[in-house]
Structure formats: C-alpha cells, structure tokens
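Trainee: compute the structure for the input listed below.
(one chain, ligands or ions: 1)
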Amino acid sequence: MIIASNFKTNNTRAGTKEYLKKLDNFMNESGSKQKVMVFPPSSALDSFEFSSEIIVGAQNAYPVLNGSFTGEIGLEQIEEFNLKTTLVGHSERRHIFKESQELCSKKFDFFKQNGFEIVYCIGEPQEVRQEGIKSVMKYCEAQLEGIDLTYEKLIIAYEPVWAIGTGLSASIEQIDETLTKLREKIKAPLLYGGSVKVANTREILQIRECDGVLVGTASWDIDTFCQMIAIADEL
Ligand code: PGA
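Mentor: Next up, the predicted model:
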C-alpha cells in the first residue's frame, strides 16, 4: 500500500532531515513493505540518502524548467536533488491559490513528459457532497479533465475538501462508494486523504478499492506516521 505524508507549510530543513532519519530507521527495523512517500516544503528538499526505499517528492512546482515565476520552483530546482515525484492539484492549491483545472492539467502534462510519478489530487467541497454522489462524481470528473489516466506513473488521491484538516474524515461508506465509482475509469492506485488518523487508518485501508492514504496533520508527528505504516503492514 501507499502511505504518504504531506507536510504542507510545516517543518524546517533541519526538522525534515530528522524526521526522515527516524522514518528510515523505522522502515529498516520494521522491514515494512509499504510504499512510503513524504512531501516536505520546498525549502527542505534535498538529496536524501536512505537505506530503505522512502520516496521524497515536491508538494508543488511550476511547469517550467526555470524562468521568471517569483515564488515558484521549477524542474531545475527539483531535479537538483534527483527527485522524480510531485503532487499536483491539491485542494489547497486549487482553492487558496486559485489554480485552475487548466493549470493543473498543464502541470500534469509537464511532469508526465519529464517522467515524474504524479500524485494527482481531486475532491469535492461540502456543498457538492450534500447534493449526493452524482454531483460528487461530476465534480471529480471535471478535475480529471485533460489528465491522461493511463499514465503509468499516476496515483490518484481522492481528498474531499471538507475532510481536509478538519478532523472530520469522510465515512467508510462515502469513501467506499466514491473510490468504487472512480475505479470504473481509473486503473491507477487510488488513495484516500482527509483527516486520516491512527484511529481510522485500518478501516480506510481495508476499503476494497483503496490502495493507500495521503495524510496531512496526523503525519507531522513521526511516531504517529510510523504507527500508520505499521497498521498497513499488519493488513
Ligand atoms: P489532513 O490533510 O490529513 O490534515 O486532513 C490531508 C491532505 O491535505 O493531504
């Protein structure tokens, strides 16, 4: 299974290094077989050396090699560290930074052309969820517009906006129903994200079409994140 941590705007360069060292130790000692991914803030990206197989990726990048895009990083800044993984379309990018579907699909295309593994995020806001599953699927499908769903390095993260950082995860039934419908069109691994915590990790990972979790808040503590990986190992 895929167990991924999104640091968002948390942790420092030194803190990230320490976190990854502890994670690497845990992966070695536990002999975990999970695919573990970590997305630190861009200021903490580096050429990390692991004795286990931890994947480090960028949370966001502009779809250029380099250029005049103040405040952004491009391919050159990521590839300096030999990183080949990125998130695209996280709801905080879409909602807070007003990233359009056009920009998300441009980013997807650019990083696909450069051979990146892409964790592409989709998910509906509260008012759409209240309208029912048909509206949810319509909303998610619009977020998949222009995305090559056959790309072999694609991972989809279904993250309902109302469940992100709220402590209120989607119900097992809601996740199950949504992932089952997404599975009709997507062969790529499907993750769930949105207030995943130790207490609900097991149940979520046991959902039939769920291939893993993308965790924000609960993953910022290394011990908690390791507990989640250990739960996946038990299944
Ligand atoms: P959360 O964030 O676990 O804090 O809800 C998940 C995410 O945004 O990826």
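
Trainee: do any residues in stretch 195-202 lie close to the ligand?
Mentor: Yes. If you take CB under 6 Å from any ligand atom as the test, stretch 195-202 does meet the ligand, through 195-196. The C-beta positions use only the backbone N, C-alpha and C, and glycine is treated the same way.

Trainee: so I156 lies in a strand, does it not?
Mentor: Yes. Following the definition DSSP: H, G, I helix; E, B strand; the rest coil, I156 is counted among the residues of a strand.

Trainee: in this structure it contacts Y192, no?
Mentor: No. Here I156 lies out of contact with Y192, judged by CB atoms under 8 Å, at a distance of 10.1 Å.

Trainee: tell me which of these two has more neighbours.
Mentor: Comparing I156 with Y192 by other CB atoms under 10 Å, the one with more neighbours is Y192, at 30 against 26.

Trainee: ok, now how distant is the residue lying closest to the more buried one once chain neighbours are set aside from the ligand?
Mentor: With CB to CB, 6 or more residues apart in numbering as the criterion, Y192 has its nearest non-adjacent residue at 5.1 Å, and that residue is I175. Here the distance between I175 and the ligand works out to 13 Å (CB to the nearest ligand atom, to the nearest Å).

Trainee: equivalent analysis for T224, please.
Mentor: Separation of T224 from the ligand (CB to the nearest ligand atom) stands at 11 Å.

Trainee: Q227 now?
Mentor: Computed as CB to the nearest ligand atom, the Q227 to the ligand distance reads 14 Å.

Trainee: enumerate every residue touching that residue.
Mentor: Contact partners of Q227, counting by CB atoms under 8 Å, 6 or more residues apart in numbering, are 198, 201.

Trainee: whichever residue of the chain sits closest to the ligand: what's it in contact with?
Mentor: Taking CB to the nearest ligand atom as the measure, the point where the chain comes nearest the ligand is G216, at 2.4 Å. Neighbour list for G216: 5-6, 8, 164-165, 193 [criterion: CB under 8 Å, 6+ apart].
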